[in-house]
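[1] Just a sequence and a predicted model for now, questions to come.
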Number of protein chains: 2
Amino acid sequence: MTARSPAPHARRSRARRGDGVRLRDEILAATAQLLVEKGDESLVSIRAVADAVGVTPPSIYLHFPDKEALIVEVCEQRFREFDAAQEAAAAQHTDPLESLKARGRAYVRFGLDHPEAYRILFMTRSVRAIELTGESPEASDAGVTALMHFVEAVRRCVDAGAFAPADPMLIALKLWIAVHGVVSLLICERGFPWPPVDVLVESILETHARGLAP
Amino acid sequence: MTARSPAPHARRSRARRGDGVRLRDEILAATAQLLVEKGDESLVSIRAVADAVGVTPPSIYLHFPDKEALIVEVCEQRFREFDAAQEAAAAQHTDPLESLKARGRAYVRFGLDHPEAYRILFMTRSVRAIELTGESPEASDAGVTALMHFVEAVRRCVDAGAFAPADPMLIALKLWIAVHGVVSLLICERGFPWPPVDVLVESILETHARGLAP
DNA sequence: CCCGTTGCTTAACACCGCTAACTTGCCCGC
DNA sequence: GCGGGCAAGTTAGCGGTGTTAAGCAACGGG
């Protein structure tokens, strides 16, 4: 059971005149699936994606400039869901502090549910970003949006008196760092004897709530 | 101008009978240098290391089972310095809380000074560790030692009354998560308009000190 | 002086991302 | 109905990677 193309996966029929774009979506879908199967970007090869779609490797490059662009686009899809999940969780509470906590819980839950996407977006300095030294095209739109939502949620806590007066951005960054720390470490140090995630997260949220209170 | 071995870097003279191990050290040194030069594990190839040492690629495998083992060993060297740096910083204060804060500052400083090593040890789920599913040979000795020192430092704070009574391990994990969050995000999101590191770190330490106080 | 062990090298495999150049088959205009 | 243009792929291949099998050469004890 090699899973490596004894049968090249039923070669796909050629697209109609208009919709060469159809292949693009199929590539994205196949990549997304392979990514969660293999669990790591480096284990998902262009050749494997092409084979899964039923097409030859160079066809990928008709729709994506390189491998990284393909991977990033897959992850950014999940990423829009990321912001949406946080917004939904936050909307279930009227109290600003409870709403913010819910947002934090949603962040951690989503990160742990989509570790590959999370790692690629938040735990790798993309090679492309390195080469474009100086300016930073990173900070995906969805990511910036999510952060801004976070900052606004913090501002509401400050305004409501749940937090001592301070720069909402700085507070938001501290909270971001906290939830990212949880996700990041739990993803990487899987062998470590962590306490239950809920216990850890609630404890962290509590400490921050106390530390930031007036 | 390929920069690729116009002169193969002066072929190394063969080692005497006893010290084939000499090559091993030279490999480690060359790898360490290449790692900080290139800034990423994936940009350091076995061939490049071999060339830098003045030897052919297969010679590497006489001393290391595979590339990952080589990289990890390099990083674990830095890692022992990591614990040492924290211990040294902590020893400069008698007050338990100040000592713990110094430890946290040292953690962040070291991580930002050695981002390649930090990323490999704390921000990648090693492929090897994935394959050995279940048990976890990860958690390098130096890492465990450093964490234990951290826990003890926390316990001293609890005993001294600087922190409310609670499980020192849980508190230590929260602090670890916080400092790791800083290092991890700063390394990866280099393009983000972060506030000065000192400001960020001091703010985080202050929030935790308040949040954990009795 | 010889010969086994040590310390490497040469050659090659299988895979990777990616590109240039070619072919195939749909669809529009006549 | 039927050319021809062009979209939508393909075949072939380059230079790179980690890794392995097999061979060779020098050192040092007998």
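    Ah, there it is.

[2] Just want the most central residue of chain A.
    residue A:118 (3.8 Å; C-alpha atoms, centre = their mean).

[3] in what helix or strand does it lie?
    Using DSSP states H and E, residue A:118 falls within helix A:115-122.

[4] tally of neighbours for the residue in chain A positioned nearest to DNA strand D?
    For chain A, the residue closest to DNA strand D is residue A:20, as judged by C-beta to the nearest atom of the strand, at 2.6 Å. Any C-beta I mention is one placed from the backbone N, CA and C, and that applies to glycine too. Residues near residue A:20, counting by other C-beta atoms under 10 Å in any protein chain shown, number 13.

[5] Isn't it up against residue A:62?
    Yes: at 7.4 Å, residue A:20 and residue A:62 qualify as touching, with contact defined as C-beta atoms under 8 Å.

[6] re the thing from before, quick check, distance from the helix holding residue A:118 to the centre of its chain.
    5 Å (C-alpha atoms, centre = their mean, to the nearest Å).

[7] quick one: that helix near DNA strand C?
    No: applying C-beta under 7 Å from any atom of the strand, one finds helix A:115-122 separated from DNA strand C by no less than 13.8 Å.

[8] re the thing from before, ok, the residue nearest to the centre of chain A - contacts?
    By C-beta atoms under 8 Å, 6 or more residues apart in numbering or on different chains, the contact set of residue A:118 is A:110, A:111, A:183, A:187.

[9] does the first one sit in a helix or strand, and which one?
    Element membership of residue A:110 [criterion: DSSP H and E] is helix A:96-113.

[10] related to what we said a few turns ago, the residue nearest to the centre of chain A and chain B: what is the separation?
    In this view, residue A:118 and chain B are 11 Å apart by C-beta to the nearest C-beta, to the nearest Å.

[11] For that residue, give me the pLDDT.
    You'll see residue A:118 listed with a pLDDT of 94.

[12] same check, this time on the one 10 residues further on
    In the predicted model, residue A:128 carries a pLDDT score of 62.

[13] burial of the residue lying closest to residue A:169 once chain neighbours are set aside, as a residue count?
    Spatial nearest neighbour of residue A:169, excluding adjacent residues (C-beta to C-beta, 6 or more residues apart in numbering or on different chains): residue A:151 at 5.6 Å. Per other C-beta under 10 Å, the neighbour tally for residue A:151 reads 19.

[14] looking at it, residue A:151 is touching residue A:175, isn't it?
    No: using C-beta under 8 Å, residue A:151 makes no contact with residue A:175, being 9.7 Å away.

[15] what is the orientation angle of the top helix by length along chain A with helix A:115-122?
    Longest helix in chain A, counting residues (DSSP state H): helix A:67-91. Inter-element angle recorded for helix A:67-91 and helix A:115-122: 100 degrees (by axes from the mean of the first three to the mean of the last three C-alpha atoms, to 10 degrees).

[16] for helix A:67-91, packing partners?
    helix A:21-38, helix A:46-53, helix A:96-113, helix A:115-122, helix A:141-160 (3 or more C-beta pairs under 8 Å, 6 or more residues apart in numbering or on different chains; DSSP states H and E).

[17] hmm, try it at 7 Å
    Packing contacts for helix A:67-91, counted by 3 or more C-beta pairs under 7 Å, 6 or more residues apart in numbering or on different chains; DSSP states H and E, involve helix A:21-38, helix A:96-113, helix A:115-122, helix A:141-160.

[18] Please identify the most buried of the ones you listed.
    helix A:115-122 (a mean of 22; mean count of other C-beta atoms under 10 Å in any protein chain shown).

[19] Alpha carbons of that helix, in PDB - could you do that?
    The C-alpha coordinates for helix A:115-122 follow below in PDB (Å, rounded to 0.1, in the frame of the first residue of the first chain):
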ATOM      1  CA  PRO A 115      -2.500  23.000  13.100                       C
ATOM      2  CA  GLU A 116      -1.000  22.800   9.600                       C
ATOM      3  CA  ALA A 117      -2.700  26.100   8.500                       C
ATOM      4  CA  TYR A 118      -1.800  27.700  11.700                       C
ATOM      5  CA  ARG A 119       1.800  26.700  11.500                       C
ATOM      6  CA  ILE A 120       2.200  27.900   8.000                       C
ATOM      7  CA  LEU A 121       0.600  31.300   8.600                       C
ATOM      8  CA  PHE A 122       1.900  32.000  12.100                       C
END
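
[20] before we move on, back to that, which residues does the residue nearest to residue A:169 contact?
    A:168, A:169, A:172 (C-beta atoms under 7 Å, 6 or more residues apart in numbering or on different chains).

[21] Is the last one in a helix, a strand, or coil?
    Secondary structure, DSSP: H, G, I helix; E, B strand; the rest coil: residue A:172 is helix.

[22] looking at it, it is touching residue A:150, isn't it?
    Yes: counting by C-beta atoms under 7 Å, residue A:172 touches residue A:150, with 4.9 Å between them.

[23] Which helix or strand in chain A has the lowest average pLDDT?
    helix A:127-131 (a mean of 58; mean pLDDT, DSSP states H and E).

[24] Around chain B, pick out the residues from chain A.
    Residues of chain A lying near chain B by C-beta under 7 Å from any C-beta of the partner chain: A:39-40, A:122-125, A:129, A:136, A:138-139, A:170, A:173-174, A:177-178, A:180-182, A:184-185, A:187-188, A:190-192, A:195, A:200, A:203-204, A:207-208, A:210-212.

[25] Great, nothing more from me.
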